[in-house]
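Enquirer: Need a 3D model of the following:
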Amino acid sequence: MADQKVNINYLNKDFNQFKTSLIDYAKTYFPTVYNDFTPSSPGTMFMDMSAYIGDVLSFYLDNQIQETFLQYTRQQNNLYNLAYTMGYRPKVTSAAIVDIDVYQQVPSAGGFPDYNYALFVQPNVSLTTPSFNVNFLIQDSIDFSFSSSSDPTEVTLYSTSPDYFLLKKTRKAISAKIQSKQFSFESPESFQTIEINDSNIIGILDIVDSNGNTWYEVPYLAQEMIYDTIKNTNVNNPNFSSDSENTPYLLQLKKVQRRFVTRFISPTTLQIQFGAGTNTSNTDEEIIPNPNNVGLGLPYKQSKLNTAFSPTNFLFTDTYGITPYNTTLTVRYLTGGGLQSNVPSNTITGIEDKSQFRFQNTNVDSTTSQFIFNNILVTNPIGASGGGAGDTDEEIRLKSLGSFLTQQRTVTQDDYLTRILSLPPEYGTIAKAYIEPEKLSNLLPGETPSVLNLFILSYDADKKLDTASPSLKQNLSTYLSQNRVINDSIKIKDAFIIHIGVDFEIIVLPQYNSNLVLIDCITALKDYFNIDKWQINEPIMLRDLYILLDKVNGVQTVKTVNITNKSGIGSNYSPYSYDIKGATMNNIIYPSLDPMIFEVKDLDNDIKGRVVTF
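Expert: Residues are numbered from 1 along each chain as shown. I've put the predicted structure just below:
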């Protein structure tokens, strides 16, 4: 028998196939040893038991193989784990977003608002909707005494007897409510985990231990650097404090040991995991190179464009942060969202707790301050939107595959533009951005084509284009440092601003009022040249201007459209002149080789037209 070639069928999958093969095997290779295959025989019982075991093992083998593939897994916990493996964080709820107008009154001082009575509102103010029982949260602070193009304070005269002005600030709010839980830790334990069980969990707001130490959430425990915000004052940084009006806060990187990661293991369970270290003063993380200064060509930064680095040196650590022990953690997290959070306009009118509202100047009249405090108002002029259920299983599959391709990194030029324009406004406003590789002719010896030129512009207080300040460039440099590819070296530069004027002539139909038609044409051009619609290196299509004016009701013919350059320091225009005629070809005004943008600075006076006859 040992020398006999055995014919085995490897395609059996279920009970009947296994049993049939076992009977055929016994008849073929043991015809004289056993030949009783009746249902009541002992041999048939053993074959049934073997077929049963084979069927069960086959089922679990197929099931385990299926559960390892994101596209085919059926168990929800496996689906969540595979999603995190692919770099996607599933959502168990979607919070609604809405603009909230916050109002306060201030008395008049010499015909102007008395900002001694301006309020400062701390972050995480909870608002209520009395008619819908849905809570909203303003996560950003509000400073009524501060105004800029990115955070304007609208001032209107409220009453004349007595004289009071009304101040208005607008902030984003999400449909969320703050919940809190405490967890006690005794002896240290590597990679300790805790779980929060609740419905509609949005995420962690903050974690503070009993000693007052803050624990920071990071995407993965090996990441030791987090973004930190400091007020742009002379004490914090004298180099940038002069630009505090346009850049109220400075962004910096902070190395933290107390950190954690979160992951959903089910729609109602959020798991929090901490690091493995126990010593806060002696960890290997202190000697890990800092990627912040690698390849960002800004002033006062060391240039290392010609130095080779190993990416593993930026990630290696033995502790992955420290673990909590002999302490109690207070975990505040957000819950909410859902379809019910899409409330109509003017329904978010309640403030749950006014203790976060305070006067910045304590030396104010108590009666006046109490009157102002009692008359704080909030409302939503537009209905909330975006609230809904969490990701379905199929959405998790598709989003996970898409997340795996990007890996949360800035790889392409579009990735960089998306991240640049998402810089929070408190660190400065990036109005326009354009990125391109360094021209080969400009590369220095040893530089690689991975050097990227980033051209940016910001807004001034009147929302006109202006060059970016040093503090804004510094914040942007810090913001990009954590997500850029190590091989990419970024040089942040100013784009050129070319100011233009528009002169046009039209012929009006006989039955129309010439003045009204002319006003409509100017209004159409003002909308066309609205700076929000223009990007760096965008050409001017003269043909589009002719078509635009032709569509205005009452215009018979557009006779001419001329674009003129306006420049000169004394005239409050850009100091850079531009040869419009030389840059025009086939009714297209092309931008220069150096990145630039066309802007009509004074929409009211730089667009002129007249009505002519044939």
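
Enquirer: what residues does stretch 545-557 touch?
Expert: 502, 504, 506-509, 512-513, 516-517, 520-521, 524-525, 528, 558, 561 (C-beta atoms under 8 Å, 6 or more residues apart in numbering). For the C-beta atoms, the positions are set from N, CA and C on the backbone; glycine is no exception.

Enquirer: Can you tell me which residue is spatially central in this protein?
Expert: Ser422 (5.7 Å; C-alpha atoms, centre = their mean).

Enquirer: from the contacts of stretch 545-557, which ones fall inside strands?
Expert: Of the contacts of stretch 545-557, the ones assigned to strands by DSSP state E are Val502, Phe504, Ile506, Ile507, Val508, Val558, Val561.

Enquirer: mind putting these in JSON lines, distance to Pro575, neighbour count and pLDDT included?
Expert: Rendered in JSON lines, the data for the ones in strands among the contacts of stretch 545-557 read as follows (distance: C-beta to C-beta, whole Å; neighbours: other C-beta atoms under 10 Å; pLDDT from 0 to 100):
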{"residue": "Val502", "distance to Pro575": "21", "neighbour count": "21", "pLDDT": "95"}
{"residue": "Phe504", "distance to Pro575": "27", "neighbour count": "21", "pLDDT": "95"}
{"residue": "Ile506", "distance to Pro575": "33", "neighbour count": "23", "pLDDT": "94"}
{"residue": "Ile507", "distance to Pro575": "38", "neighbour count": "15", "pLDDT": "94"}
{"residue": "Val508", "distance to Pro575": "38", "neighbour count": "21", "pLDDT": "94"}
{"residue": "Val558", "distance to Pro575": "32", "neighbour count": "19", "pLDDT": "94"}
{"residue": "Val561", "distance to Pro575": "26", "neighbour count": "21", "pLDDT": "95"}
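
Enquirer: Out of those residues, which comes closest to Asp462?
Expert: Distance to Asp462 across these (C-beta to C-beta) is lowest for Val502, with 19.6 Å.

Enquirer: close enough to count as contact, that closest one and Phe529?
Expert: Yes: with contact defined as C-beta atoms under 8 Å, Val502 reaches Phe529; the gap is 7.2 Å.

Enquirer: Overlap of the contact sets of these two?
Expert: Each of Val600, Ile607 lies in contact with both Val502 and Phe529 under the rule C-beta under 8 Å, 6+ apart.

Enquirer: in the helix or strand hosting Asp415, what counts as buried?
Expert: Using DSSP states H and E, Asp415 falls within helix 413-421. Buried residues in helix 413-421, counted by 16 or more other C-beta atoms under 10 Å: Asp415, Tyr416, Leu417, Arg419, Ile420.

Enquirer: Please apply the same query to stretch 346-354.
Expert: By 16+ other C-beta under 10 Å, the buried positions in stretch 346-354 come out as Thr347, Ile348, Ile351.

Enquirer: next one: that stretch to chain centre, how far?
Expert: Chain-centre distance of stretch 346-354: 27 Å, with C-alpha atoms, centre = their mean, to the nearest Å.

Enquirer: tell me how far the ends of that stretch are from each other?
Expert: Taking C-alpha to C-alpha, to the nearest Å, stretch 346-354 runs 20 Å from one end to the other.

Enquirer: before we move on, what about stretch 147-160?
Expert: 24 Å.

Enquirer: Stretch 528-535 now?
Expert: Taking C-alpha to C-alpha, stretch 528-535 runs 13 Å from one end to the other.

Enquirer: re earlier: return the closest of the ones in strands among the contacts of stretch 545-557 with respect to Gln75.
Expert: Comparing those against Gln75 with C-beta to C-beta picks out Val502 as the nearest, at 63.6 Å.

Enquirer: Now do the same contact list for the closest one.
Expert: With contact set as C-beta under 8 Å, 6+ apart, Val502 has these partners: Leu525, Phe529, Leu545, Val561, Asn562, Ile563, Thr564, Val600, Asp606, Ile607, Lys608.

Enquirer: Ser150 now?
Expert: Contacts of Ser150 (C-beta under 8 Å, 6+ apart): Asn246, Pro425, Glu426, Gly428, Thr429, Tyr459.
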